[in-house]
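Q: Dropping a prediction and its sequence here:
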Amino acid sequence: MLLNIKVIPRSKINKIVDQRDNFLKIKLTAPAIDGRANEALREFLAKEFEISKSRIEIIKGEKGREKVVKIIK
């Protein structure tokens, strides 16, 4: 499964704020420094989908806010 995600770092809480067909807008508490927001995104998605972090891969957008994430079930 591929998801298009827009990340909003340095928020007060980790949560999905908007959900459409294949698009998620996610707020994360982690800053976008040294890959911390990417790691927080992987942890958040793993918890939401109840899968291991190793099954979540950011395939596009590691340096930006808009990302394409592959989830292997």
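A: Sure thing, it's come through. Numbering: from 1, shown residues only.
Q: didn't residue 65 look like it was pressed against residue 6?
A: Yes: Residue 65 lies in contact with residue 6 (C-beta atoms under 8 Å); the separation is 5.8 Å. Any C-beta I mention is one placed from the backbone N, CA and C, and that applies to glycine too.
Q: Comparing those two, which shows the higher neighbour count?
A: Neighbour count, other C-beta atoms under 10 Å: between residue 65 and residue 6, residue 6 has more, with 16 against 13.
Q: beta partners for that one?
A: residue 25, residue 66 (DSSP bridges).
Q: buried set for stretch 16-26?
A: Within stretch 16-26, the residues scored as buried using 16 or more other C-beta atoms under 10 Å are 24-26.
Q: scratch that, stretch 50-58
A: 56, 58.
Q: Show the average pLDDT along it.
A: Stretch 50-58 carries an average pLDDT of 96.
Q: hang on, residue 46 in a helix?
A: Yes: the assignment for residue 46 by DSSP: H, G, I helix; E, B strand; the rest coil puts it in a helix.
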